[in-house]
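Undergrad: Okay, here's the prediction I keep looking at, along with the sequence it came from:
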Amino acid sequence: MKPKPRTYKEDGSKRRVLVVTSVQAEREAVLRGLKQTGGIDVLVAGVGLAQAAVFTAMALSSASYDLVINAGIAGGFPGKTDIGSLVLSSEIIAADLGAETAEGFCPLDQLELGTSRIAADAEFVRWMEQALQHQGISVTTGRILTVSTVTGTQETAEELIRRVPEAAAEGMEGFGVATAARLQGVPVLEMRAVSNFVGPRNRAAWRINEALQTLEKASSVLTEVVR
């Protein structure tokens, strides 16, 4: 049976969703999937954590939203997901936010200077996972890393997995979007279509068009949230 989305709030009004992408090609894929955008605003924030945080914060300050989604393409970790599949965040992690020590990397949490982890909205993630599966989309729910530098070597990929063994994908904006949403008290999740595997950089092997097609198809289920 197809899952029922959380279409209405307790007061009977419809939900409003903010979707944050990093580049225009991602925004266009989301819009193609939505077909109609009533109740859903799709923003291009730019590349990187800082721009994502600023533009998301500005959007949340100018309008009231019930959910924020960081949507785009990403690298997936081999063995955790497949190219052309979709990853939903259980948790959004700033993977390189911390300190380097003689014993290795020390995340911000262990330094007691804040947190580098933000949990995604679990209820909505569960609904999205079921809805995507109903659409025949291969989907994995797991931790998505936010990095400042895209991984380009096997050594770095292995180091990231040592830090976060449950990592399924990496992007560059998720933690910025999630930080802005958390400060405004708005639930958040990250949704990424896999275009390549995390590891040695091989731009020729990236399947960006396939990932964008997956992102488009996945975005179609969002219309049920505000319908």
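TA: Yep, it's here. Keep in mind it's a predicted model, so treat the numbers as computed, not measured. Numbering: from 1, shown residues only.

Undergrad: Count the residues that sit near G104.
TA: Residues near G104, counting by other CB atoms under 10 Å, number 9. To be clear about C-beta, it is placed using only N, CA and C from the backbone, and glycine gets the same treatment.

Undergrad: pretty sure E155 is in a helix, no?
TA: Yes: looking at E155 with DSSP: H, G, I helix; E, B strand; the rest coil, it is inside a helix.

Undergrad: most centrally placed residue in the chain?
TA: The centroid of the chain falls nearest to E190 when counting by CA atoms, centre = their mean (2.2 Å).

Undergrad: can I assume that residue sits in a strand?
TA: Yes: E190 forms part of a strand when assessed by three-state DSSP.

Undergrad: Against N202, how distant is it?
TA: 24 Å (CB to CB, to the nearest Å).

Undergrad: who's F197 bridged to?
TA: G76 (DSSP bridges).

Undergrad: quick one: it and A74 touch, right?
TA: No: with contact defined as CB atoms under 8 Å, F197 does not reach A74; the gap is 10.6 Å.

Undergrad: between the two, who's got more neighbours?
TA: Neighbour count, other CB under 10 Å: between F197 and A74, A74 has more, with 27 against 21.

Undergrad: tell me the mean pLDDT for stretch 113-125?
TA: Across stretch 113-125, pLDDT averages out at 93.

Undergrad: where do the helices sit along this protein?
TA: 24-34, 49-62, 122-134, 154-163, 174-183, 208-219, 223-226 (DSSP state H).

Undergrad: could these go into JSON lines alongside mean neighbour count and distance to G104?
TA: Formatted as JSON lines, the helices of the chain follow (neighbours: other CB atoms under 10 Å; distance: least, CB to CB, whole Å):
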{"stretch": "helix 24-34", "mean neighbour count": "19", "distance to G104": "34"}
{"stretch": "helix 49-62", "mean neighbour count": "18", "distance to G104": "22"}
{"stretch": "helix 122-134", "mean neighbour count": "17", "distance to G104": "30"}
{"stretch": "helix 154-163", "mean neighbour count": "15", "distance to G104": "8"}
{"stretch": "helix 174-183", "mean neighbour count": "26", "distance to G104": "21"}
{"stretch": "helix 208-219", "mean neighbour count": "20", "distance to G104": "32"}
{"stretch": "helix 223-226", "mean neighbour count": "19", "distance to G104": "41"}
